[in-house]
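Peer 1: give me a model of this one.
(one chain, ligands or ions: 1)
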Amino acid sequence: MRIKGSAFPPNSSVRHSAELDTSQAGFVSLIVDDETIRCDVNWIEISVPVGKLPIRFKLPDGWMFVAERSPQISQWLKANKKSGWVDKIEGNVFAWVFSALICLCVVIGSYHYLLPWVSQKVAESVPDYVAIALGNKVLDSFDEHWEKSQLPVNQQQQIRLRLQEHLTQLSPLPYSIEVEFRSSDMGANAFALPGGKIVVLDDLVKLAQSDQQLDSILLHEVGHVHHQHMLKKLVHSSLLSVGVSLLVGESSGVIDNLAGLGVFFLSNGHSREAELQADEYAKQSMLTIYGSSESMAEMFELFRAQEWVEVPEWLNSHPDFEQRIEAARE
Ligand SMILES: [Zn+2]
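Peer 2: Here you go, the predicted model:
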């Protein structure tokens, strides 16, 4: 068999048309410019790259022969046991399945361990102004359905001041907290937005029978801010490229897209893990501020008692409800 290709002299990039004669077993002959260079197959270095890339034959005297991959060459390589490792694996079902499993493990591992870790790092590094702008966008979207609060301005201001006073006793937060009041038919509820805004619905204030009970829920929301749950969730759910855009501040279009996602997440609640973290934060804060977390358990019980209301986001996993009340009491 004669393989057509190109040859390059030793240490030169000058291309010569050439042929490689493989008809003699155990030997190859490079025919270039009427000259024939014959050598033992065992002395030539053959590089077999992946896929359809050209194959290079390096002769001991420095000549290089390059040829396109063809079925004939592949057959000759196989006969002379010179095929590349990829070719070998292609022919080995076990190795193929093994490789597929490794790939699957890498993908699953990345999703469960690498992605959360990266999300956390990205969320922690997002500039404050981006997080605040994102929170404002989410609030704008909600405000299309929500009304202004009916609570007296005095009462709103009292709650704000009381919370700010409490926060001075707690460890510093990633963002300063701003409380917004709204009226909605969603029932007794509150939401922590990215960037430190907490939205409190009137029905929540009405449901609480004491300042301490209301504070326990506000502190639960502060817990979400402390752990940056919403931002992490948004980064986690979005592509890494979105995270990078946020980091470099190239964020105008990205914020709009994320705001839509934020509305969806706030409407559907946090993960069980995030809720338990926020509960724990609220409990420890209540212990620091009031010396007791009993009001938190009482507030959870008030939620349980009002069957007519949609279940608020922090109680959205029913089986955990009793546990959460117990945990608040421990
Ligand atoms: Zn929550």
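Peer 1: in stretch 136-144, what's buried?
Peer 2: 136-139, 141-142 (16 or more other CB atoms under 10 Å). Bear in mind the C-beta positions are built from the backbone N, C-alpha and C, glycine included.
Peer 1: now it: mean pLDDT?
Peer 2: Here stretch 136-144 scores 90 as its mean pLDDT.
Peer 1: who touches it?
Peer 2: 180, 182, 191, 193-195, 197, 199, 255-256, 258-260, 262-263, 266 (CB atoms under 8 Å, 6 or more residues apart in numbering).
Peer 1: what about the buried residues of stretch 136-144, which are in helices?
Peer 2: Counting by DSSP state H, the members of the buried residues of stretch 136-144 that fall within helices are 136-139, 141-142.
Peer 1: what's the closest of these to the ion?
Peer 2: residue 138 (15.2 Å; CB to the ion).
Peer 1: what sits closest to the closest one if chain neighbours are left out?
Peer 2: residue 262 (4.1 Å; CB to CB, 6 or more residues apart in numbering).
Peer 1: past the longest helix seen in the chain, which element shows up next along the chain?
Peer 2: For the chain, the helix that runs over the most residues, judged by DSSP H, is helix 272-290. The helix or strand immediately downstream of helix 272-290 is helix 294-305, counting by DSSP states H and E.
Peer 1: that next one - contacts with which helices or strands?
Peer 2: With contacts defined as 3 or more CB pairs under 8 Å, 6 or more residues apart in numbering; DSSP states H and E, the packing partners of helix 294-305 are helix 202-207, helix 211-226, helix 272-290, helix 321-329.
Peer 1: in JSON lines: the buried residues of stretch 136-144, plus distance to residue 281.
Peer 2: Converted to JSON lines, those look like this (distance: CB to CB, whole Å):
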{"residue": "136", "distance to residue 281": "24"}
{"residue": "137", "distance to residue 281": "25"}
{"residue": "138", "distance to residue 281": "21"}
{"residue": "139", "distance to residue 281": "22"}
{"residue": "141", "distance to residue 281": "26"}
{"residue": "142", "distance to residue 281": "24"}
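Peer 1: okay, now the unreliable bits of the chain?
Peer 2: 49-51, 81-91, 239-255, 263-268, 307-320 (pLDDT under 70).
Peer 1: just so I have it, where are all the strands in the stretch 1-150 of the chain?
Peer 2: 2-8, 16-21, 27-32, 35-40, 45-47, 55-58, 64-67, 147-148 (DSSP state E, counting those that start in this stretch).
Peer 1: residue 199 - how many residues pack around it?
Peer 2: Residues near residue 199, counting by other CB atoms under 10 Å, number 25.
Peer 1: looking at this, it is in a strand?
Peer 2: Yes: according to DSSP: H, G, I helix; E, B strand; the rest coil, residue 199 belongs to a strand.
Peer 1: kindly reformat the strands of the stretch 1-150 of the chain as TSV containing mean neighbour count and distance to the ion.
Peer 2: Output for those, formatted as TSV (neighbours: other CB atoms under 10 Å; distance: least, CB to the ion, whole Å):
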stretch	mean neighbour count	distance to the ion
strand 2-8	17	68
strand 16-21	18	71
strand 27-32	19	73
strand 35-40	13	75
strand 45-47	14	59
strand 55-58	20	61
strand 64-67	20	64
strand 147-148	10	23
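Peer 1: now do the contacts for the residue minimising distance to the centre of the chain.
Peer 2: When CA atoms, centre = their mean is applied to the chain, the residue found nearest the centroid is residue 236 (3.3 Å). Residues counted as contacts of residue 236 (CB under 8 Å, 6+ apart) are 115-116, 119.
Peer 1: checking my notes, residue 186 in a helix, right?
Peer 2: No: looking at residue 186 with three-state DSSP, it is coil, so not inside a helix.
Peer 1: state the distance from it to residue 259.
Peer 2: 19 Å (CB to CB, to the nearest Å).
Peer 1: which of these two has more neighbours?
Peer 2: Taking neighbours as other CB under 10 Å, residue 186 and residue 259 compare with residue 259 leading, 22 against 19.
Peer 1: distance check, the more buried one against the ion.
Peer 2: Per CB to the ion, to the nearest Å, residue 259 is found 19 Å from the ion.
Peer 1: for residue 223, same thing?
Peer 2: 7 Å.
Peer 1: what of residue 181?
Peer 2: With CB to the ion as the criterion, residue 181 and the ion are 18 Å apart.
Peer 1: what residues are up against that residue?
Peer 2: Contact analysis of residue 181 by CB under 8 Å, 6+ apart lists 149, 151, 156, 199-202, 205.
Peer 1: skip the chain neighbours and tell me the closest residue to residue 300.
Peer 2: Nearest one to residue 300, counting by CB to CB, 6+ apart, is residue 325 at 4.7 Å.
Peer 1: help me confirm that the one you found comes into contact with residue 299.
Peer 2: No: in this structure residue 325 lies outside contact range of residue 299 using CB atoms under 8 Å: 9.5 Å.
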